[in-house]
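S.K.: sequence and computational prediction follow.
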Amino acid sequence: MCNIRLIISTVLLCKPILVAYVSHSELTIHYTLRKWLLFCCVPMLIGASGWTPSEGQFLGSVVAQWIDAEGDHHKMRLLNDFGFTDFKGKTWQVPKGVLIDDSSIPKALWVQVGSPLTGPYREAVVLHNYYCNYKKEPWFLVHRMFYEACLTAGLPEVKAKLLFAGVFATSQRWLPVYGKSGISATTLTFQGYQLSNVSISEVEFKEAEEWIEMKNPSLDEIVIRLHCLIKAKKEKRLFKPNDLNNAVSSN
């Protein structure tokens, strides 16, 4: 019964993740499906951790200017380029000039792991906030990169997993939407992102926190448990890149 429940949970979980990842690169759909089956689905079915930890590397350092009220430290502008090479060798770049805030990190975790923009995982927050805002990569990979960046920043494994659980259960998700731009159009074009707001009850997340601290489960086990508890609600209007560009230019 346990194995059947695990298989069902894995199928339900991987469907949106596969769609999220595949839709960003239609030309490599077969390669992408195969990669995700190996990287995500198969390890969960056999009870493995999903990947072997290696080492990440920050590219440069975070140099920023606070732009909110003095002493608040909730919003800043990046003054130099910053990047990160994850455990798989993928490079994540954040350009100078972008606005960074702490909105992508659940406040419930600030007491345990520190304030996002002044705490020990500041570099990871810069990366996560930028990619959550600009949506240049699939949401699931962004959260996983955040976890690896937290480890690279020196956070203990359990605290990094608590942060991963927090963003997985509360951060907004996005899926690219393609459609015809006109009645006579024959090809599909990018229309924008379908956003989904996810949430979890305080009681259930607190129980998940205690479970993580006590058992130190794998990321796959965390994902499966939280996936069954969170609620998702799609927004009615598609998010388009110009929406963010207009918001940034007005600040």
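M.R.: Structure's in. What do you need?

S.K.: and the strands in the stretch 101-250 of the chain?
M.R.: 173-179, 189-199, 231-234 (DSSP state E, counting those that start in this stretch).

S.K.: who are the packing partners of the shortest one?
M.R.: Contacts of strand 231-234 with other secondary structure elements, assessed using 3 or more C-beta pairs under 8 Å, 6 or more residues apart in numbering; DSSP states H and E, are made with strand 189-199. Backbone N, C-alpha and C define where each C-beta goes, glycine included.

S.K.: repeat that for 10 Å
M.R.: Identification of packing neighbours for strand 231-234 by 3 or more C-beta pairs under 10 Å, 6 or more residues apart in numbering; DSSP states H and E yields strand 173-179, strand 189-199.

S.K.: among the strands of the stretch 101-250 of the chain, which is nearest I212?
M.R.: strand 189-199 (18.0 Å; C-beta to C-beta).

S.K.: report the buried residues of the closest one.
M.R.: The neighbour-count check on strand 189-199 (16 or more other C-beta atoms under 10 Å) flags 192-196, 198 as buried.

S.K.: check stretch 197-213 too.
M.R.: Counting neighbours by 16+ other C-beta under 10 Å, stretch 197-213 gives 198, 200, 205, 208-209, 212 as buried.

S.K.: just to revisit the earlier point, any chance of CSV for the helices and strands packed on strand 231-234, columns mean pLDDT and distance to T152?
M.R.: Shown next, in CSV, are those (pLDDT from 0 to 100; distance: least, C-beta to C-beta, whole Å):
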stretch, mean pLDDT, distance to T152
strand 173-179, 88, 24
strand 189-199, 88, 26
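
S.K.: make TSV from those strands and add distance to K161 to it.
M.R.: Below are the helices and strands packed on strand 231-234 laid out as TSV (distance: least, C-beta to C-beta, whole Å):
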stretch	distance to K161
strand 173-179	19
strand 189-199	18
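
S.K.: roughly how far does C228 sit from W66?
M.R.: 40 Å (C-beta to C-beta, to the nearest Å).

S.K.: and A108, by the same measure?
M.R.: 24 Å.

S.K.: likewise for K240?
M.R.: Per C-beta to C-beta, K240 is found 30 Å from W66.

S.K.: what's the answer for D86, then?
M.R.: Counting by C-beta to C-beta, the separation of D86 from W66 is 28 Å.

S.K.: the two: which is more packed in?
M.R.: Between D86 and W66, counted using other C-beta atoms under 10 Å, the more crowded position is D86 (21 against 14).

S.K.: any stretches of the chain with poor pLDDT?
M.R.: Counting by pLDDT under 70, the low-confidence segments of the chain come to 1-54, 69-71, 182-185, 241, 243-251.

S.K.: can you pull out the helices in it?
M.R.: 2-22, 29-36, 42-46, 110-113, 122-134, 139-152, 157-170, 202-215, 219-227, 241-249 (DSSP state H).

S.K.: list the contacts of F168.
M.R.: 139-140, 143-144, 146-147, 198, 200, 208, 219, 222-223, 226-227, 230 (C-beta atoms under 10 Å, 6 or more residues apart in numbering).

S.K.: out of those residues, who's nearest H74?
M.R.: Nearest member of the contacts of F168 to H74, counting by C-beta to C-beta, is F146, at 18.4 Å.

S.K.: so who does the nearest residue to the closest one once chain neighbours are set aside touch?
M.R.: The spatial neighbour of F146 that comes closest, neighbours along the chain excluded (C-beta to C-beta, 6 or more residues apart in numbering), is H128 at 4.1 Å. For H128, the contact set (C-beta under 10 Å, 6+ apart) comprises 92, 100, 104-105, 116, 121, 142-143, 145-147, 149-150, 163, 167, 171.
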